[in-house]
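Visitor: Need the 3D shape of this:
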Amino acid sequence: MVVLLPFVCAKAETTDVSAISNALYVNDACVSRGKTVTLSLQMKNSKEVVGFQCDFYAPAHSQVALDDSGLYAISLSEDRTTANNTNTFDFALQSDGAIRILACSSRNIPFEGNEGEVAKIVLSVDEDIEPGQYPLILRNIVLSDDLGNTITVPYVETTLTVEKYSVGDVNRDGRIDVSDISYLVNIILGRTSE
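Guide: Residues are numbered from 1 along each chain as shown. I've put the predicted structure just below:
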């Protein structure tokens, strides 16, 4: 089993992705403690791009989930390409705890359009994480055209919001079970002032 080391850094200012014309970024996301969330890796490009790479850093007390094969649960999105066109898609743990994600077409077939999802990353959040906002960081971003010209972006940060309670945990005891139904019925019938 591969263990992802938590990335710890000082909180930088969240990147205004609307001001970016060429980069990769992860959409802001929201998750409850002890749950998973599927992050959307987005690409904005003003020119045709046939390949990209980036290093993804998960916040402390979270990690990229593993699939049934024991590999990271990272997949190519077919919103802007197909597996036949983007015939190389891979990822690997780096020595600093990042996961490098790489996708390219050896046939020089560009990604469709100029903005949208290119990959999905399933992130697991620990039960003991404190509620709040955490950085979702991409570093060493490289976009390449069919001639090997590159656009590099050193750093993009978006936000993961960790909620204190799970949806459905009506009595806020950290579990979702039959007691939540009983509590909800009491609220609907006016039997509780909470």
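Visitor: Give me the domain ranges for the chain.
Guide: The chain resolves into domains spanning 17-163, 168-194 when parsed by automatic domain parsing.
Visitor: which residues does residue 122 bridge with?
Guide: residue 38 (DSSP bridges).
Visitor: so how far is residue 47 from it?
Guide: Residue 122 sits 30 Å away from residue 47, going by Cβ to Cβ, to the nearest Å. Every residue, glycine included, has its C-beta placed from N, CA and C.
Visitor: Looking at those two, which is more packed in?
Guide: More neighbours surround residue 122 than the other of residue 122 and residue 47, with 16 against 13 (other Cβ atoms under 10 Å).
Visitor: Between the two ends of stretch 168-181, what distance do you get?
Guide: Terminal residues of stretch 168-181 lie 9 Å apart, using Cα to Cα, to the nearest Å.
Visitor: Stretch 77-91 too?
Guide: 14 Å.
Visitor: which residues touch it?
Guide: For stretch 77-91, contacts defined as Cβ atoms under 8 Å, 6 or more residues apart in numbering pick out 40-41, 43, 51, 72, 74, 76, 99-107, 109, 111-113, 116-120.
Visitor: how about a cut-off of 7 Å?
Guide: 72, 74, 76, 99-107, 109, 111-113, 116-120 (Cβ atoms under 7 Å, 6 or more residues apart in numbering).
Visitor: what's the answer for stretch 65-76, then?
Guide: Residues outside stretch 65-76 that contact it (Cβ under 7 Å, 6+ apart): 1, 36, 64, 83, 86, 89, 91, 99, 101, 103, 119-124.
Visitor: Just give me the closest of these to residue 146.
Guide: Using Cβ to Cβ, residue 86 comes nearest to residue 146 of the contacts of stretch 65-76, at 13.0 Å.
Visitor: Kindly state the pLDDT recorded for that closest one?
Guide: On the pLDDT scale, residue 86 is placed at 94.
Visitor: what about it, which SS state?
Guide: Of the three states, residue 86 takes coil according to DSSP: H, G, I helix; E, B strand; the rest coil.
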